[in-house]
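1. Got a predicted model here, sequence first, then my questions.
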Amino acid sequence: MEYAIVIEKSATGYGAYVPDLPGCVALAETEDEVRKLIREGIHIHLDEMRIDGQPIPRPTTHVEYVAVAETASAA
């Protein structure tokens, strides 16, 4: 299975979350580090769900990018 992750930049670093796994989040100073942590977090999250006897949700989130033309700002 493949889960979509969302990575967002903040003023102090990066955050990541998994839309199909509520509560599965990671925070780090660098993008590389947050990618590593969210991947580890997914495995831990799923292991905990199995231990608790919870069903493992199938991924349903799809990611698509929409291209838009950049325009000059009005001065």
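-> Noted; the coordinates are in hand. Numbering: from 1, shown residues only.
2. Poorly predicted segments of the protein, please.
-> Low-confidence regions of the chain, defined by pLDDT under 70, span residues 73-75.
3. Can you name every helix or strand that the host helix or strand of residue 42 contacts?
-> Taking DSSP states H and E as the definition, residue 42 sits inside helix 31-51. Packing partners of helix 31-51 (3 or more Cβ pairs under 8 Å, 6 or more residues apart in numbering; DSSP states H and E): strand 6-9, strand 14-17, strand 25-28. C-beta: built from backbone N, CA, C; applies to glycine.
4. For residue 36, which residues are in contact?
-> The neighbours of residue 36, taking Cβ atoms under 8 Å, 6 or more residues apart in numbering as the test, are residue 28.
5. Likewise for residue 16?
-> For residue 16, the contacting residues are 5-8, 25-27, 34-35, 37-38, taking Cβ under 8 Å, 6+ apart as the criterion.
6. Now for those residues, which sits with the most neighbours around it?
-> The member of these that has the most neighbours, counting by other Cβ atoms under 10 Å, is residue 38 with 25 neighbours.
7. how near is it to residue 49?
-> Separation of residue 38 from residue 49 (Cβ to Cβ, to the nearest Å): 16 Å.
8. Next: residue 61.
-> Using Cβ to Cβ, one obtains 17 Å as the distance from residue 61 to residue 49.
9. Between these two, which is the more surrounded one?
-> Ranked by neighbour count (other Cβ under 10 Å), residue 61 and residue 49 place residue 49 first, with 15 against 12.
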